[in-house]
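>>> Mind looking at a prediction? Sequence and model below.
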Amino acid sequence: MTLSFEGQVALVTGAGAGLGRAYAIDLARRGAKVVVNDLGGDPFGVGENRSAAQKVVDEIKEMGGDAVANYNSVADYDGGFNMVKTAIDTYGRLDVVICNAGILRDVAFHNMSEDDWDKVFAVHIKGSFTVLRAAWPVFRQQSYGRVVLTTSSSGIWGQFGQANYGAAKTAMLGLMNVLKQEGAKYNVNVNTVAPVAGTRLTQTVMPQEMVDRLKPELVAPAVVYMVSKECQDSGLVIEAGAGNFSRAVMVKGPGVQPGIEDPKDAEWCQANWDQITSLEGAQPMWRSGQTLKDYLASKAKA
Ligand SMILES: NC(=O)c1ccc[n+]([C@@H]2O[C@H](COP(=O)([O-])OP(=O)(O)OC[C@H]3O[C@@H](n4cnc5c(N)ncnc54)[C@H](O)[C@@H]3O)[C@@H](O)[C@H]2O)c1
């Protein structure tokens, strides 16, 4: 069945290039009215240029779609509210938010400056907060919302030279894990994509031939499905790139539970390390309180 976004409004941050552009165009093709946000700076977060967002709006209009540009920075608290206001003032509603805007400041940790750290956190994690903080009351009021956050394999698995970026991208998982719970009652689903694509950002680390082959359009299908009304999942992390899609998940192993009544020492942990660290029978968790519940249950069993 065709996934349609007729009658829906989507806000895509950082949609003036790369992955965000591919999401915005696919959504518009499927009938969504799109707020194309982009500050238009360089890959390192320097400068501003309105032409990035405007070009994508023009492209969407040329193909018969409907879109409006927004040039605010996601790192600016009022900017997040302006983006949502643009959606409401122009189209009267907001159904979808894709937090995609991003920059890189790669450098080995021993050379990382405070500015490298702060700028990356401002765009990725604060930049998701500002937009979602503004969209959240709209979603709650209409009992509907679809969100996709953007993490990275660097955040999930780690990558040399990206302490700032990896930490900010892992923070997306924390944000998702809380919002999936706060949104559940209001039919607001929050999922996360870990993309791989040839873009301006990856041009700084990939050979051109690879950049050319890894089209952002090969990532878009997973993101577009996750923000559709048909997708009922929340709290998933999907890795997508080069036409491949898979779920990444944090799991907890069964461990060992001597419990409160039988406290152990470091030597006992050393002796039992293989069992403590075993992932045989490991399971994903839905919320943090589950850990405490399991601990207290293990005490009751002891
Ligand atoms: N390309 C990949 O392989 C890859 C891998 C993992 C994660 N990501 C993430 O995917 C997202 C998109 O990246 P991309 O590869 O398409 O890069 P890109 O540079 O092509 O696009 C990012 C866009 O975000 C915009 N932007 C930057 N700071 C902004 C701000 N403060 N406010 C508004 N817009 C801003 C930029 O102007 C740019 O157009 C990023 O969050 C990135 O970290 C990309």
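Structure's in. What do you need? Numbering: from 1, shown residues only.
>>> Let me know the secondary structure of Val97.
State at Val97, reduced to three classes by DSSP: H, G, I helix; E, B strand; the rest coil: strand.
>>> now Thr192
Per three-state DSSP, Thr192 ends up strand.
>>> where do the strands sit along the chain?
Taking DSSP state E, the strands of the chain run over residues 9-12, 33-37, 66-70, 96-98, 145-150, 188-196, 237-241, 244-248, 251-252, 283-284.
>>> Would you mark the buried spots in stretch 69-83?
Residues Ala69, Asn70, Tyr71, Asn72, Ser73, Val74, Ala75, Gly79, Gly80, Phe81, Asn82, Met83 are the ones in stretch 69-83 that count as buried (16 or more other Cβ atoms under 10 Å). The way it works is simple: take the backbone N, C-alpha and C, and place the C-beta from them, glycine included.
>>> List, one by one, the residues from the stretch 201-302 of the chain near the ligand.
Contact residues, the stretch 201-302 of the chain versus the ligand (Cβ under 6 Å from any ligand atom): Leu201, Thr202.
>>> Now for the closest residue to the ligand within the stretch 51-200 of the chain: which residues touch it?
For the stretch 51-200 of the chain and the ligand, the shortest gap (Cβ to the nearest ligand atom) falls at Gly102, measuring 2.5 Å. Residues in contact with Gly102 (Cβ atoms under 8 Å, 6 or more residues apart in numbering) are Gly14, Val123, His124, Thr150, Leu201.
>>> pretty sure Ser278 contacts Val256?
No. Ser278 sits out of contact with Val256 when judged by Cβ atoms under 8 Å, with a separation of 9.1 Å.
>>> check contacts around the closest residue in space to Phe245 that isn't next to it in sequence.
In this structure, Phe245 finds its nearest non-sequential neighbour in Ala222, 5.1 Å apart by Cβ to Cβ, 6 or more residues apart in numbering. Contacts for Ala222 (Cβ under 8 Å, 6+ apart) come out as Val193, Ile238, Ala240, Phe245.
>>> so how far is Asn244 from Ala222?
Counting by Cβ to Cβ, to the nearest Å, the separation of Ala222 from Asn244 is 10 Å.
>>> Contacts only, for the closest residue to the ligand within the stretch 201-302 of the chain.
Relative to the ligand, the nearest point of the stretch 201-302 of the chain is Leu201 (3.7 Å; Cβ to the nearest ligand atom). Residues in contact with Leu201 (Cβ under 8 Å, 6+ apart) are Gly18, Pro43, Gly102, Ile103, Leu104.
>>> so can I have CSV of these showing distance to Val35 and pLDDT?
Formatted as CSV, the contacts of Leu201 follow (distance: Cβ to Cβ, whole Å; pLDDT from 0 to 100):
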residue, distance to Val35, pLDDT
Gly18, 17, 97
Pro43, 22, 91
Gly102, 18, 97
Ile103, 20, 97
Leu104, 24, 95
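>>> Return the entry from the residues you listed with the maximum number of neighbours.
Most neighbours among the contacts of Leu201, by other Cβ atoms under 10 Å: Gly102, with 25 neighbours.
>>> related to what we said a few turns ago, show only the entries of the contacts of Gly102 found in helices.
Leu201 (DSSP state H).
>>> Pick out whichever of the contacts of Gly102 sits closest to Asn177.
The nearest member of the contacts of Gly102 to Asn177, counting by Cβ to Cβ, is Thr150 at 15.2 Å.
>>> Show me what stretch 122-140 is in contact with.
If you take Cβ under 8 Å, 6+ apart as the criterion, stretch 122-140 is touched by 11, 13, 45, 73-77, 79-81, 83-85, 88, 93-94, 97, 99, 101-103, 145, 147, 149-150, 165, 168-169, 171-172, 175, 179, 183, 186, 188.
>>> where along the stretch 51-200 of the chain do the helices fall?
Taking DSSP state H, counting those that start in this stretch as the criterion, the stretch 51-200 of the chain carries its helices at 51-62, 77-91, 114-121, 127-142, 153-156, 163-184, 200-203.
>>> let me redo that: the stretch 201-302 of the chain
Here the stretch 201-302 of the chain has its helices, by DSSP H, counting those that start in this stretch, at 208-213, 220-226, 266-271, 273-277, 289-301.
>>> so of these, which one's packed in deepest?
Of all the helices of the stretch 201-302 of the chain, helix 220-226 has the most neighbours on average by mean count of other Cβ atoms under 10 Å, namely a mean of 22.
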